[in-house]
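Student: need a 3D model of the following:
(chains A, B, C and D, ligands or ions: 2)
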There are 2 protein chains.
Amino acid sequence: MLKLTKKADYGLIALKHLAMRNPAETASAKDIADAYGIPLPLLSKILQKLAKSGFLRSEQGTNGGYRLARDPREMTALEVIRSIDGPIILTSCFTEHGECHHSGRCSVREPLRKVHDGILRLLNNITIRDIASEDMEVPAPDVDVQVYRLKPSGLAAHASK
Amino acid sequence: MLKLTKKADYGLIALKHLAMRNPAETASAKDIADAYGIPLPLLSKILQKLAKSGFLRSEQGTNGGYRLARDPREMTALEVIRSIDGPIILTSCFTEHGECHHSGRCSVREPLRKVHDGILRLLNNITIRDIASEDMEVPAPDVDVQVYRLKPSGLAAHASK
DNA sequence: CGATATAGGACCGAACCAGTCCTTGATTAC
DNA sequence: GTAATCAAGGACTGGTTCGGTCCTATATCG
Ligand code: SF4
Ligand code: SF4
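Tutor: Residues are numbered from 1 along each chain as shown, chains lettered A, B, ... in the order given. Ligands and ions are numbered 1, 2, ... in the order given. Below you'll find the predicted structure:
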């Protein structure tokens, strides 16, 4: 169904929140939870994960809270989502032990692996800073995701829509 | 978790299977199920959906089965997946009635919508024929998915990985 | 008729998601 | 030193979706 978990949403919200303020100050889980209406205990565990993954640095005690541990330009959406939701698996055969039992006969595995890579590359090119920036552009054609496309031979694009 | 359902996998397998053979002959659900080890009743309903969505034409009775209803170049992975799994929703707020209750305050909704669009565009550029073609290329940088990227200002690419 | 097809509804177990609750432990303010 | 404030983390639950099975009805060919 190709959906992101809400935990990932919340994690991104929190990181964006932190990326948009003075890196000197911390924000507590409660601050963020209140600001966006996210259940506190849920957000807490997300932030804990992000801290363990090295995105956040935590400070306990009164006036404690979280602050970014790295430059938001160095945090990609891919890494963040991975850290919260676990590995991204477009199909169940792309995980370590999740071998689909027809991976032998399956004819779409390789094609889907390319799609998978495309999505990863897309997410990998988005940084927290991108997300935090107010105005963004849908820019000129660029490297990024490379979809496989038939040889030079025609078969024009039926993209858009 | 960003996973495709197995039903979608199966649907793509079936379409690929049909795309790679003489368009004159039909293949029954059983044929395909046996060929790839897919449970027959499950595959049946997938094929039914694909038929109702206009990808397949079905013929009942002995020697019946399914055949492609359209040119495989005109069937995109996006449409197929949509037809089987329902609408693709990266986050729960992108569906008609699935309004997330913080869509008001949420700060990542718009950015994620762009990611969503990127994924859609990616899937929309893949046709069944692409999937059926033996050799594919990961071609030159091309139009396709446009990830938003900061203004001209530097912030070089930290793509790859 | 009877074999082979599609068409489609009902059902079920397992997994996963979103969220809650409760306990522990560090740090600061008073 | 004690209380308030914070993070850390385990256990549990209700709801939904997924993957799959089963059973019946209908169409078509030989
Ligand atoms: S092997 Fe084929 S059917 Fe199984 S998960 Fe991978 S792509 Fe899907
Ligand atoms: S509104 Fe925000 S939190 Fe809710 S589903 Fe959309 S992106 Fe996720």
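Student: what segments of chain A are helices?
Tutor: For chain A, the helices defined by DSSP state H cover A:6-19, A:29-36, A:40-52, A:77-85, A:109-124, A:128-132.
Student: can you give me how far the least confident helix or strand in chain A by mean pLDDT is from the chain middle?
Tutor: Within chain A, no helix or strand scores below helix A:109-124, which has a mean of 90 by mean pLDDT, DSSP states H and E. Helix A:109-124 sits 14 Å away from the centroid of its parent chain (Cα atoms, centre = their mean, to the nearest Å).
Student: stretch A:43-51 too?
Tutor: The answer for stretch A:43-51 is 15 Å, by Cα atoms, centre = their mean.
Student: state the distance from the residue in chain A that ligand 2 sits nearest to to ligand 1.
Tutor: Proximity of chain A to ligand 2 (Cβ to the nearest ligand atom) peaks at A:D9, 3.5 Å away. C-beta: built from backbone N, CA, C; applies to glycine. Distance from A:D9 to ligand 1, counting by Cβ to the nearest ligand atom, to the nearest Å: 26 Å.
Student: which residues are in contact with that residue?
Tutor: By Cβ atoms under 8 Å, 6 or more residues apart in numbering or on different chains, the contact set of A:D9 is B:T91, B:C106, B:V108, B:L112.
Student: go again using 6 Å as the cut-off
Tutor: B:T91 (Cβ atoms under 6 Å, 6 or more residues apart in numbering or on different chains).
Student: and the one 3 residues further on, by the same measure?
Tutor: Applying Cβ under 6 Å, 6+ apart, we find A:L12 in contact with B:V108.
Student: how many neighbouring residues does A:A24 have?
Tutor: By other Cβ atoms under 10 Å in any protein chain shown, 6 other residues sit near A:A24.
Student: likewise A:I128?
Tutor: 26.
Student: that one reaches A:A19, doesn't it?
Tutor: Yes. If you go by Cβ atoms under 6 Å, A:I128 and A:A19 touch, sitting 5.2 Å apart.
Student: shared neighbours of these two, anything?
Tutor: Shared contacts of A:I128 and A:A19, counting by Cβ under 6 Å, 6+ apart, come down to A:P72.
Student: around ligand 1, pick out the residues from chain A.
Tutor: Within chain A, the positions near ligand 1 by Cβ under 6 Å from any ligand atom are A:T91, A:S92, A:C93, A:C100, A:H102, A:S103, A:C106, A:V108, A:R109, A:L112.
Student: among those residues, which ones are buried?
Tutor: A:T91, A:S92, A:C93, A:H102, A:C106, A:V108, A:R109, A:L112 (16 or more other Cβ atoms under 10 Å in any protein chain shown).
Student: from B:D9, how far out is the second one?
Tutor: Looking back up the chat, that one is A:S92. 8 Å (Cβ to Cβ, to the nearest Å).
Student: then the fifth one?
Tutor: Taken as Cβ to Cβ, the spacing of A:C106 relative to B:D9 amounts to 7 Å.
Student: do the same with the first one
Tutor: Distance of A:T91 to B:D9, given as Cβ to Cβ: 6 Å.
Student: if we can go back for a sec, by pLDDT, give me the weakest of the buried ones among the residues of chain A next to ligand 1.
Tutor: The lowest pLDDT within those belongs to A:H102, with 78.
Student: got the phi/psi numbers for that one?
Tutor: Dihedral pair for A:H102: phi -110, psi 20, per degrees, to the nearest 10.
Student: can you tell me the closest non-neighbouring residue to A:R57?
Tutor: Spatial nearest neighbour of A:R57, excluding adjacent residues (Cβ to Cβ, 6 or more residues apart in numbering or on different chains): A:A69 at 4.3 Å.
Student: show the contacting residues for the one you found.
Tutor: Contacts of A:A69 (Cβ under 6 Å, 6+ apart): A:G54, A:F55, A:L56, A:R57.
Student: now which of these would you call buried?
Tutor: A:F55, A:L56.
Student: with distance to A:G118 and pLDDT added, can I get the contacts of A:A69 in a markdown table?
Tutor: Formatted as a markdown table, those follow (distance: Cβ to Cβ, whole Å; pLDDT from 0 to 100):
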| residue | distance to A:G118 | pLDDT |
| --- | --- | --- |
| A:G54 | 26 | 96 |
| A:F55 | 24 | 97 |
| A:L56 | 29 | 97 |
| A:R57 | 33 | 96 |
